[in-house]
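**Student:** need coordinates for the following:
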Amino acid sequence: MSNHPVRSGRSRRRVAAALAVSAAAALVLSSCSSSSDGGDNSEPDTTESASGPALPPPSSVTLPPAHAGFDYQIAGPYQPPAGVTVVSRDHAVAPAAGMYNICYVNAFQAQSGAEKEWDPDLLLREANGKIVYDTNWNEAVLDIRTDAKRQRVAQKVDAWIDECAAKGYNAVEPDNYDSYTRSAGLLTVADVEALQTVIAAHAHEKKLAIGQKNTVELAGDRQKVGLDFAVAEECGEQDECNGYVDAFGDRVYVIEYTAKGLSKACKGWGDKLSIVRRDKNVQPLGKSGNLRQTC
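**Tutor:** Numbering: from 1, shown residues only. As a prediction, the model looks like this:
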């Protein structure tokens, strides 16, 4: 399997009809400040949200620590800043030593330029045979409309999950759960939830926790799908954090890409959730454009 580029800002191209939630009950925290030290060094708050307690995972699975220092490194690894205990990295690289590591995989779309790595009939096509693309990232959407095709897609994704487990990751983060919103009306919520359920079961078999990536409108179904925590891009910017908390309690790991989004996330949820602001390209430390801020 070849290395592939990764990307950030998934929620930035979500359809406008995505569920928005109220932040009226948000708690006020001090204003955000620039940081390179990973933020809060205090003991993690492991108390679950009263409105949506996180359900226990299988006994063999370890959940990520709640309200922990968090860093998002999917575009390239680097030494985690002081105070960080949870790191998300691409499955092609090694996990960070001594951290709780989340393994990123693209589960519902082909990487840009990687169409030939998939059987032609697993690329979603319109009636005229044209491949359906996520035009924001030039990624072919995968055809998961039948159980047989879902099983074939899952076989490849499960191999990446096996790779994550073998490398020592603690959890997996399957991206593009919201691919049905970019499928020209060909995929349904039932399709993506069916595939996610298969992926979640395999992750648990490998003793890995599994996170829901974005798609707050499906967070309420996390129990039946088998998801353990959430990785939410721009839930502050989009007023969606409360929706994730309702479903996952305080095990929500937030990435913001703007000062406004970070401020809103920190003011509403800085005492409960793991929040970091990264540059839009998630550049590694030392690379041009790298930005990392915390509450």
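**Student:** run a quick neighbour tally on G76.
**Tutor:** Under the neighbour criterion other C-beta atoms under 10 Å, G76 is assigned a count of 17. Any C-beta I mention is one placed from the backbone N, CA and C, and that applies to glycine too.
**Student:** how about the nearest residue to it, chain neighbours excluded?
**Tutor:** Take G76 and drop its neighbours on the chain: the residue closest to it by C-beta to C-beta, 6 or more residues apart in numbering is P284, 3.7 Å away.
**Student:** does the one you found really touch A75, like I thought?
**Tutor:** Yes. Counting by C-beta atoms under 8 Å, A75 is a contact partner of P284 at 6.8 Å.
**Student:** hmm, back to that, next, the contact list for the residue nearest to G76, please.
**Tutor:** Contacts for P284 were tallied using C-beta atoms under 8 Å, 6 or more residues apart in numbering; they are 73, 75-78, 290.
**Student:** and those residues, which two are furthest apart?
**Tutor:** Comparing every pair within the contacts of P284 by C-beta to C-beta identifies P77 and N290 as the most remote, at 12.8 Å.
**Student:** and the helix or strand encompassing A247, C-alpha only, in PDB?
**Tutor:** Taking DSSP states H and E as the criterion, the element that holds A247 is helix 241-248. Presented in PDB, the C-alpha positions along helix 241-248 are these (Å, rounded to 0.1, in the frame of the first residue of the first chain):
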ATOM      1  CA  CYS A 241     -20.000  20.900  20.000                       C
ATOM      2  CA  ASN A 242     -23.200  20.400  22.100                       C
ATOM      3  CA  GLY A 243     -24.400  17.800  19.600                       C
ATOM      4  CA  TYR A 244     -21.200  15.700  20.100                       C
ATOM      5  CA  VAL A 245     -21.300  16.100  23.800                       C
ATOM      6  CA  ASP A 246     -24.900  14.900  23.900                       C
ATOM      7  CA  ALA A 247     -23.800  11.700  22.300                       C
ATOM      8  CA  PHE A 248     -20.200  11.200  23.500                       C
END
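**Student:** just checking, what packs against that helix?
**Tutor:** Where contact means 3 or more C-beta pairs under 8 Å, 6 or more residues apart in numbering; DSSP states H and E, helix 241-248 is packed against strand 229-233, strand 252-256, helix 259-269.
**Student:** who does the second one pair up with?
**Tutor:** If you go by DSSP bridges, strand 252-256 pairs up with strand 229-233 (parallel), strand 274-278 (parallel).
**Student:** of all those strands, which lies closest to H204?
**Tutor:** Of all the strands paired with strand 252-256, the one in closest proximity to H204, counting by C-beta to C-beta, is strand 229-233 (13.0 Å).
**Student:** now do the closest one and helix 259-269, the angle between them.
**Tutor:** Interaxial angle, strand 229-233 versus helix 259-269 (axes from the mean of the first three to the mean of the last three C-alpha atoms, to 10 degrees): 150 degrees.
**Student:** chain center to strand 229-233: distance?
**Tutor:** Averaging C-alpha coordinates over strand 229-233 and over its chain gives two centres that are 5 Å apart (C-alpha atoms, centre = their mean, to the nearest Å).
**Student:** for the stretch 101-250 of the chain, which segments count as strands?
**Tutor:** With DSSP state E, counting those that start in this stretch, the ranges of strands along the stretch 101-250 of the chain come out as 133-134, 139-140, 171-175, 209-213, 229-233.
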